[in-house]
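Trainee: Next one to model:
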Amino acid sequence: MQPTFVLVHGAFANSFSFAPLQAELGLLGHRSVAVDLPGHGFGAGYPRAYQAPQDLEGLATAPGPIKGVTLADNAAHLIGILERAKENGPVILVSHSRGGVTATAAANARPDLIDRIVYVAAWCPVDLTVGDYYAEPEMATVDAASLGLAMAGNPAELGLLRVNFRTSDPDALAAFKAAFLADGTDEELLTFLNTFQPDENLDVGTRDDRALAATWGRVPRTYVRLADDASLPLSLQDRLIREGDALTPDNPYDVRTLEGSHLKWLIDPAPAARVLGELAALTPR
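Mentor: A predicted model of the protein is given here:
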């Protein structure tokens, strides 16, 4: 039976991010499903103040429907999709960036639904929480202040994270490019930013949501390193791999490496599709 790839997006993203990858996978003969987590995709909120001409004061205070969405909500939604996909055969769960937190939570709860879990420069907390990793040396090169130039409103007051991806501030755009797509063109960056949604939920999990050896640790896993990633640096990716291997030494990561930045693999998906195809061939049917 042919495996189904279930694709989980990162922060501020949605299923639309995976369209080029899904096209490439389809042309290689593979079946895939791109997930929209709660409050994402056509369930996202776009305040009228976000439209042109923008009302920046209104954008800073407008409510958003993703407020109150939790990691548990994301995991439950993903598990429902995995249950349906599993009815048709093996499932390969692929996550990117912050989507790895949701994938890990789903694997902690229902490892029986996943035949392989793949992290593409994605978070898989083992020793620390996501927030705590940001204080570690591996994240010292991430310029959070510059990325915050496009932040809109106070997260504590809004109950969500809001970023103005439609900003024309050259410094903010330069920070986005350096962090996410330094190896892409300005036009590619603007196109990708316009697929993002302005709001993201606040919950990235607690110590209780770290990978569990007894469940998550049973699932065969692959980590696809992005060699030129500036927002999830290679040193942090390697640390997550080491910590996962130490947690379950009898089931270590299968490690692959792709050249490119945090988003380049989604814009130029052929190399990633080939790697995923190789993993499909390794999956029992």
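
Trainee: for the protein, what spans make up the strands?
Mentor: 4-8, 31-35, 91-97, 116-122, 161-162, 199-200, 221-226, 254-258 (DSSP state E).

Trainee: tell me what the fifth one is packed against?
Mentor: What that stands for is strand 161-162. The helices and strands touching strand 161-162, judged by 3 or more CB pairs under 8 Å, 6 or more residues apart in numbering; DSSP states H and E, are strand 199-200. C-betas here are computed from N, CA, C, even on glycine.

Trainee: Correct me if wrong: residue 202 contacts residue 157.
Mentor: No - between residue 202 and residue 157 there is no contact under CB atoms under 8 Å: 11.7 Å.

Trainee: Looking at the two, which has the bigger crowd around it?
Mentor: residue 202 (16 against 9; other CB atoms under 10 Å).

Trainee: thinking again about what came up before, can I get the strands of the chain in TSV including distance to residue 49 and mean neighbour count?
Mentor: Below are these laid out as TSV (distance: least, CB to CB, whole Å; neighbours: other CB atoms under 10 Å):
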stretch	distance to residue 49	mean neighbour count
strand 4-8	29	26
strand 31-35	28	20
strand 91-97	27	27
strand 116-122	32	27
strand 161-162	10	22
strand 199-200	12	26
strand 221-226	34	23
strand 254-258	38	15
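
Trainee: out of the ones you listed, nearest to residue 46?
Mentor: strand 199-200 (8.5 Å; CB to CB).

Trainee: Return the mean pLDDT over the closest one, rounded to an integer.
Mentor: Averaged across strand 199-200, pLDDT comes to 98.

Trainee: Which other helices and strands does that strand contact?
Mentor: Here strand 199-200 touches strand 161-162, going by 3+ CB pairs under 8 Å, 6+ apart.

Trainee: What's the mean pLDDT across the strand it packs on?
Mentor: 97.

Trainee: Would you point out the helix or strand in this structure whose mean pLDDT is lowest?
Mentor: Sorting the helices and strands of the chain by mean pLDDT, DSSP states H and E puts helix 144-147 at the bottom, at a mean of 85.
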